[in-house]
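**Q** One predicted model, sequence on top.
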Amino acid sequence: MKKMLFICAVLLFSVFYTGFSLAKDVVKIGLITPLTGDVKTFGESTKNAFNIALEEYAKTGKYRIQPIIADDRNDPTEGANAALKLITQDKVAAIIGPLTSKVAIPVSEIANSNKTPMISGTATNPKVTSTDGKRKPYVFRACYTDPFQGTVGANFAIKQLKAKTAAVLYDVGNDYSKGLAEYFKTTFTKGGGNIIAYESYQKDDVDFSALITKVGIKKPEIIYIPDYYNKVALIAKQIREKGLKSALIGGDGWDSPELIKIAGNAIVGGSFTNHYSPDRKDPVADTFIRKYKEKFGIVPDALGALGYDSTVILLKALDSVKKITQEEIMTALSSVKNYKGVTGTISFDKNGDAIKSAAILKVEKDGFKYLTTINP
């Protein structure tokens with residue numbers, strides 16, 4: 001009897017020992033994204049894609065990921081507070097996000113000073129990864145930057161739309177909007193175009209009638225509006241209500257189904273630069289789109305696609321290091337080359353910025369139509 005009890009005890013110990021030895025170490029990852037506020041659809045799609053990437057990783061990855069999600073409300077102060085909590089209290093190994101440049105810039109300063117790796121999927125302003133030409137070594141992004149996006153938009157206006165005159169309307173308090181406006185202006189002018197109106201507004205403005213009347217007098221062939229979908233929709237409606245026929249173009253902030261829902265026919269025919277198109281056939285993108293549609297019932301926007309790419313890049317970096325330290329993760333991220341993602345092939349340059357192409361999409365009544373891809 002004693003012999004049997006001893007054997008059972010040994011077997012039981014073996015089971016428990018094996019179970020514990022096979023248990024995966026836990027790694028905490030933070031996600032900072034706007035789940036409320038003016039661009040909450042961006043935050044939702046990013047969170048959805050983030051979760052899909054984690055579900056896939058759980059099947060084959062080396063670690064058990066503990067996600068900690070923070071709502072930044074698209075507010076710089078909220079984002080900074082979220083980053084401080086994730087780093088100092090939650091002790092995350094790395095951060096995905098934030099989405100918008102105005103939030104990502106202050107968060108990047110916090111992440112870098114605390115040597116916490118951060119990947120923003122969609123913050124395009126150059127200041128996210130560098131300040132006054134000085135690299136933030138712990139900060140990366142999976143998207144192109146505004147200098148490239150602004151250049152692509154301006155060249156499209158000149159070469160494809162054959163525009164010779166343009167007006168630019170931008171949010172003076174938004175780093176993303178202001179920066180993109182400047183890069184568009186520079187390239188359009190260098191290309192032989194004439195910026196006949198360059199007007200700003202405040203983030204809380206909702207009545208643009210005086211501004212549009214002022215611009216309308218000059219009759220620009222195109223109006224460039226580098227802002228987020230909710231603001232663009234309001235401006236577009238008021239432009240058409242004033243009778244202006246100018247072609248409307250913009251940047252990646254347009255990419256939300258809400259743009260068409262709010263603006264209706266006023267925005268139909270407009271064009272914008274974006275990070276990917278679900279219409280462009282690609283096996284990696286097709287697989288992700290199918291999974292996203294099955295789970296959430298809609299086609300993912302570029303914010304979701306970039307959220308997925310950012311998360312997968314980070315997870316691959318985790319699996320490649322010998323030990324989970326922030327320095328090891330940063331080093332692994334710095335060596336990312338030719339990652340085949342949903343939004344295209346991604347390599348990080350010396351500044352931690354993604355070297356990749358841009359898509360041009362056209363707004364139609366039932367969605368966005370892929371026009372072409374522009375390479376760096």
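**A** Thanks, I have the structure now.

**Q** neighbours around residue 56, how many?
**A** 17 (other Cβ atoms under 10 Å). (Each C-beta comes from the backbone N, C-alpha and C, glycine too.)

**Q** same deal with the one 5 residues further on?
**A** Neighbours of residue 61 under the rule other Cβ under 10 Å: 16.

**Q** Surely it touches residue 315?
**A** Yes: Residue 61 is in contact with residue 315 according to Cβ atoms under 8 Å; the separation is 6.2 Å.

**Q** Quick one: the strands in the stretch 251-376 of the chain, in order.
**A** Secondary structure of the stretch 251-376 of the chain (DSSP state E, counting those that start in this stretch): strands at 271-274, 339-341, 344-348, 354-355, 358-364, 367-374.

**Q** In the sheet, which strands lie alongside the shortest one, parallel or antiparallel?
**A** On the basis of DSSP bridges, the sheet neighbours of strand 354-355 come out as strand 344-348 (antiparallel).

**Q** starting at the chain centroid, how far to stretch 368-376?
**A** 17 Å (Cα atoms, centre = their mean, to the nearest Å).

**Q** go on, stretch 163-183?
**A** Worked out by Cα atoms, centre = their mean, stretch 163-183 lies 19 Å from the chain centre.

**Q** same deal with stretch 235-253?
**A** Taking Cα atoms, centre = their mean, the mean C-alpha location of stretch 235-253 is offset from the chain mean by 24 Å.

**Q** Using PDB, write out every CA atom in that stretch.
**A** What follows is stretch 235-253, C-alpha atoms only, in PDB (Å, rounded to 0.1, in the frame of the first residue of the first chain):
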ATOM      1  CA  ILE A 235     -16.100  71.000 -44.000                       C
ATOM      2  CA  ALA A 236     -17.100  69.100 -47.100                       C
ATOM      3  CA  LYS A 237     -20.800  69.500 -46.600                       C
ATOM      4  CA  GLN A 238     -20.400  73.300 -46.100                       C
ATOM      5  CA  ILE A 239     -18.200  73.500 -49.100                       C
ATOM      6  CA  ARG A 240     -20.900  72.000 -51.300                       C
ATOM      7  CA  GLU A 241     -23.600  74.000 -49.600                       C
ATOM      8  CA  LYS A 242     -21.700  77.100 -50.700                       C
ATOM      9  CA  GLY A 243     -21.700  75.900 -54.300                       C
ATOM     10  CA  LEU A 244     -18.000  75.300 -54.600                       C
ATOM     11  CA  LYS A 245     -17.100  72.600 -57.300                       C
ATOM     12  CA  SER A 246     -13.400  72.200 -56.300                       C
ATOM     13  CA  ALA A 247     -12.100  68.600 -56.100                       C
ATOM     14  CA  LEU A 248     -11.500  67.600 -52.500                       C
ATOM     15  CA  ILE A 249      -8.400  65.600 -51.500                       C
ATOM     16  CA  GLY A 250      -6.900  64.700 -48.100                       C
ATOM     17  CA  GLY A 251      -4.800  62.300 -46.100                       C
ATOM     18  CA  ASP A 252      -5.200  59.000 -44.200                       C
ATOM     19  CA  GLY A 253      -7.400  60.600 -41.500                       C
END
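
**Q** Can you give the domain ranges for the chain?
**A** 26-143+280-356, 147-274 (automatic domain parsing).

**Q** pLDDT on the longest one, on average?
**A** Confidence over domain 26-143+280-356 (mean pLDDT, whole number) is 97.

**Q** hang on, the earlier thing: please enumerate the shared neighbours of residue 61 and residue 315.
**A** Counting by Cβ atoms under 8 Å, 6 or more residues apart in numbering, residue 61 and residue 315 have no common neighbour.

**Q** so how far is residue 235 from residue 32?
**A** Using Cβ to Cβ, to the nearest Å, we find residue 32 at a distance of 28 Å from residue 235.

**Q** quick one, which of those two is more surrounded?
**A** Of the pair residue 32 and residue 235, residue 32 is the one with more neighbours under other Cβ under 10 Å, namely 29 against 24.

**Q** doesn't residue 86 make contact with that one?
**A** Yes: here residue 32 reaches residue 86: they are 7.3 Å apart, a contact under Cβ under 8 Å.

**Q** Overlap of the contact sets of those two?
**A** Common neighbours of residue 32 and residue 86 (Cβ under 8 Å, 6+ apart) are 70, 95.
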